[in-house]
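# give me a 3D structure for the following:
(chains A, B and C)
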Amino acid sequence: MNYWLLKSEPNVFSIDDLKKQPQKTDHWDGVRNYQARNFMKEMKKGDLAFFYHSNCDEPGIVGLMTVTKEAYPDHTAWDKKSQYYDPKSTKETPRWYMVNVTYKKTFSRNISLKELKLKKDLEDLPLIRKGNRLSIMPVSKKSWESILSLVKKN
DNA sequence: GCCAACGTTGGC
DNA sequence: GCCAACGTTGGC
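Now for the predicted structure:
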């Protein structure tokens, strides 16, 4: 099993929005970055992911979700009315993909970016590196467990 | 709103 | 293939 971190702007799609979906499940669409897409293609059913709120008052990790469907073509790329429309992605050769994720839990508190940056054993987490803009990234087992231990504090 | 750090585009 | 111009992300 592998671990991931997925970013979303809460005013666009928050962890509460995911929780409200039927079966608490939704597709993670709109990824338009090759590196992020390639990571998404590596995701396996049953993998766990942190839900990260970005571009908001308190950026940070707010909860957990499970990957419930592996990468399949992102249909929003074919929708001319979508902000994610990409004429270069065709049904024959899809350029962009999405996965399905299912809500698992909301942490008792927000693990803020500030706090993650202070933690000393997360060097391998791309999120805390300066200038990082990856919206989907792998999390090592060591970092995953370290972050989970933070949740239990307070 | 600012702006650093990227990623992408397109002329050459 | 280089690289300047441009667009986007996302913390602050």
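
# so which elements touch the strand of greatest length in chain A?
The residue-count maximum for a strand in chain A (DSSP state E) belongs to strand A:97-112. Applying 3 or more C-beta pairs under 8 Å, 6 or more residues apart in numbering; DSSP states H and E, one finds that strand A:97-112 contacts helix A:15-20, strand A:25-27, helix A:34-42, strand A:48-53, strand A:60-73, helix A:141-152. All C-beta atoms are positioned from the backbone trio N, CA, C, and that covers glycine.

# out of those, which one sits most buried?
Stretch with highest mean neighbour count among the helices and strands packed on strand A:97-112: strand A:48-53 (a mean of 23; mean count of other C-beta atoms under 10 Å).

# what residues does that strand touch?
A:1, A:3-10, A:14-15, A:18, A:43, A:59-67, A:101, A:104, A:110, A:127, A:139, A:144, A:147 (C-beta atoms under 8 Å, 6 or more residues apart in numbering).

# tell me which parts of chain A are close to DNA strand C?
Residues of chain A lying near DNA strand C by C-beta under 7 Å from any atom of the strand: A:7, A:9, A:32, A:54-56, A:59, A:113-114, A:117, A:133-135.
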